[in-house]
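Participant: Sequence first, then the predicted structure, then my questions.
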Amino acid sequence: MFSLDLPICATCGNQFGNSPPPTTCPVCDDPRQYVPASGQSWTSLRKLQDNSEKKYHNEIVQVPNEPDMYSIYTVPQISIGQRAMLVKTKEGKNILWDCITFIDDDTVQRVKDLGGIDAIVISHPHFYSCNVEWGKAFNCPVFLADADKDWAMRKDLGIQHFFTEKRLKLAEDVQAVVVGGHFPGSLVFAWKNEHLLVADSIQIVLSGLGERERLPGTVMFTFMYSYPNMIPLDPDSILGIWDAVKDLQFNQVHSGWPGRVVKPDGKLKILESAKLIVQAMGYTQHTMLDQQL
């Protein structure tokens, strides 16, 4: 069922369509990522599934107080360690936001018990992982931003759909929105006019966790070109992200990692964080600073 022997980059978790793989992973050998000091290394689904010592498996956990939202992540952590999130639409369809590297028969069966997957949409190339495997396992399309097409290390045009729209409406209450910034085609995911699911263009930071008052000057979100290499986005790019989400309705913001959510007033807190970061760069005048809800 699975393409067990295709190479997977051990650092970013992206599966490649050809073997042998390149000398280094292009996704990692890029200013936004990194190749470890120990050098490039590779794995495969066969190695991950057969690893008797680590016994990789996927946790599928209902998000608290959200019966139609599930978090899916691998234990122990593989590569970047992101989660995928399964949400149900008003029409009863299941959409998977983002993707993870590990997949096995047990995962497929448990997801099918929840109704399967009708479509997959992925935020940016660092999370492309084994998207073709997931699409084939559930016989569903995988939607990726056309602006980032060259970063898909395994292509399957029978499964993948590279869309050019700024907003991709997947159901009555679900749309993926291109915000750019981290990558030109970076996406966020709006659901039920209440939830915004984000990844690396809008990133929840640790000071954003927990429902309590913060001291003035505390950010809850950040906006980075590179997280491991600590390269911030410029103010114009941050403004572009805000422009892309400012007319969306949402109160809660969910990160690409388990347990990270900002609520309530998630939209206001994104705006406040964006302004604080632009000010911290030394700007006293910039259009971002003039933005209001």
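Facilitator: Arrived safely. Predicted model only: the values in this text are computed from it and were never measured.
Participant: so for the longest helix that the chain contains, what's the average pLDDT?
Facilitator: Counting residues, the longest helix in the chain under DSSP state H turns out to be helix 266-280. For helix 266-280, the mean per-residue pLDDT is 98.
Participant: give me the number of residues near the closest residue in space to residue 220 that isn't next to it in sequence?
Facilitator: What sits nearest to residue 220 in space, not counting adjacent residues and going by Cβ to Cβ, 6 or more residues apart in numbering, is residue 208, at 3.1 Å. The way it works is simple: take the backbone N, C-alpha and C, and place the C-beta from them, glycine included. Burial measure for residue 208: 23 neighbouring residues, criterion other Cβ atoms under 10 Å.
Participant: and what of residue 36?
Facilitator: Using other Cβ under 10 Å, residue 36 has 10 other residues around it.
Participant: Make sure the residue nearest to residue 220 is actually in contact with residue 270.
Facilitator: No. With contact defined as Cβ atoms under 8 Å, residue 208 does not count as touching residue 270 (9.8 Å).
Participant: what touches both of these two?
Facilitator: With contacts taken as Cβ atoms under 8 Å, 6 or more residues apart in numbering, the residues that reach both residue 208 and residue 270 are 220, 221.
Participant: how much space between residue 12 and residue 200?
Facilitator: Using Cβ to Cβ, to the nearest Å, one obtains 12 Å as the distance from residue 12 to residue 200.
Participant: Quickly list what's touching both of those two.
Facilitator: Looking at what touches both residue 12 and residue 200 (by Cβ under 8 Å, 6+ apart), the common residues are residue 126.
Participant: in stretch 227-241, what's buried?
Facilitator: Residues of stretch 227-241 classed as buried: 232, 233, 235, 237, 238, 239, 240, 241 (neighbour count, 16 or more other Cβ atoms under 10 Å).
Participant: Kindly report the same for stretch 139-149.
Facilitator: Buried positions in stretch 139-149, judged by neighbour count with 16+ other Cβ under 10 Å: 140, 141, 142, 143, 144, 145, 147, 148.
Participant: for stretch 49-68, same thing?
Facilitator: Along stretch 49-68, these residues count as buried under the neighbour rule (16+ other Cβ under 10 Å): 49, 56, 58, 60, 63, 66, 68.
Participant: From residue 40, how far off is the second one?
Facilitator: Distance of residue 56 to residue 40, computed by Cβ to Cβ: 21 Å.
Participant: All the helices of the stretch 1-150 of the chain, in order from the start?
Facilitator: Along the stretch 1-150 of the chain, the stretches classed as helices by DSSP state H, counting those that start in this stretch are 45-49, 105-113, 131-138.
Participant: Over to the stretch 151-293 of the chain?
Facilitator: Remark: helices of the stretch 151-293 of the chain, listed N- to C-terminal, are 235-245, 266-280; assignment by DSSP H, counting those that start in this stretch.
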